[in-house]
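J.: give the three-dimensional model of this entry:
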Amino acid sequence: MSKKKPKFCVITTPRSGSTWLATLLDSHPKIKSFEEPFIWRADRPNWTDKQFPTYYDYKTNANKKSIFTAFKYLDILDSYKSDTNFDIIGFKIMYNQIQENPEIMLKLLLDNYRIIHLIRQNYLDVIISRAAKNQHHIAHSNTVQSKTRQVTIDTSYLIKDLDRCTRNNKLFSSLLKIMPLSVLEITYESMQEDYNQVLCSVAEFLEVSSDSITFKSELKRINQGKYSDKIANYDEVLETLSGSSYTKFLKG
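T.: Sure, this is the predicted structure:
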């Protein structure tokens, strides 16, 4: 009898490169990485699996809702594998989605999921990416931008936002360390340096061969260049971060 392949879950926070990671994993012929099944809203621009419901759809249409609704949904998600050629099925979930549905962590534990903890170490980049999405209405792009799109950062909340990013990262890093699960921590920054090497390590962690596999994604980084070029109110941001532990992010 062949050994059952593990399930996997990518745990992260928005604007940390999780869609990029999902598309790279999806380029492996034996891996199916669902985008973001626990997205809370009805509209789902990034949901590419139209034939399969999101948790929002499933919960809305469920006759009886309980703590086990998420359990049943994840069982259905995993059953997707039986009708396909995929060896391993996984999905990504955000910190806040786990906080809103804490029973999901119990399901991950009971089903012995492999956890990929994706971290974007420079929290300022997370905030810049979020601002770019909100101000320019571009979440992802398949083309290289002809010019840098500047964003304006609300400095009145900047330190609080960076503190929140720090707390969430520490909280989930600590939680995953004490849970009896296999956890692989990777960073967005290491993917930027050599994503194929990182994805090969992920494939090994998931017990899937990466021989002769070149991981690919059509997604392109939206904003590149110096922070002084990307941030319209750069001097104001610099002044706000001056003297704090977060000034190091401007040196990235």
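J.: could you list the buried residues of stretch 61-70?
T.: 69, 70 (16 or more other Cβ atoms under 10 Å). For the C-beta atoms, the positions are set from N, CA and C on the backbone; glycine is no exception.
J.: how far off centre is it?
T.: Once both centres are worked out by Cα atoms, centre = their mean, to the nearest Å, stretch 61-70 turns out to sit 25 Å from its chain's centre.
J.: so residue 175: helix, strand or coil?
T.: Put simply, residue 175 is helix when judged by DSSP: H, G, I helix; E, B strand; the rest coil.
J.: show me what contacts it?
T.: Shown in contact with residue 175 (Cβ atoms under 8 Å, 6 or more residues apart in numbering): residue 105.
J.: what's the distance between it and residue 103?
T.: Distance from residue 175 to residue 103, counting by Cβ to Cβ, to the nearest Å: 14 Å.
J.: ok, residue 123 next?
T.: 28 Å.
J.: which residue of those two possesses the greater neighbour count?
T.: Set side by side, residue 123 and residue 103 show more neighbours around residue 123, with 22 against 14, by other Cβ atoms under 10 Å.
J.: what count of nearby residues applies to the residue nearest to that one when sequence neighbours are not counted?
T.: Spatial nearest neighbour of residue 123, chain neighbours left out: residue 165 (3.9 Å); criterion: Cβ to Cβ, 6 or more residues apart in numbering. Counted by other Cβ under 10 Å, the residues lying close to residue 165 total 21.
J.: where does this protein have its least confident helix or strand?
T.: helix 55-61 (a mean of 85; mean pLDDT, DSSP states H and E).
J.: now do the helices in the stretch 51-200 of the chain.
T.: 55-61, 69-79, 95-100, 103-110, 123-136, 158-178, 188-205 (DSSP state H, counting those that start in this stretch).
J.: thinking again about what came up before, quick check: the residue nearest to residue 123 touching residue 129?
T.: No: counting by Cβ atoms under 8 Å, residue 165 does not reach residue 129; the two are 11.8 Å apart.
J.: so, low pLDDT: which residues of the stretch 101-250 of the chain?
T.: Low-confidence segments of the stretch 101-250 of the chain (pLDDT under 70): 143-146.
J.: OK, contacts around the residue nearest to residue 123?
T.: 13, 123, 126, 127.
J.: mind putting those residues in TSV, distance to residue 34 included?
T.: Below are these laid out as TSV (distance: Cβ to Cβ, whole Å):
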residue	distance to residue 34
13	18
123	26
126	22
127	27
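J.: so residue 235 versus residue 132, what's the distance?
T.: Distance from residue 235 to residue 132, by Cβ to Cβ: 19 Å.
J.: these two: which is more packed in?
T.: A count of neighbours by other Cβ under 10 Å puts residue 132 above the other of residue 235 and residue 132, at 20 against 10.
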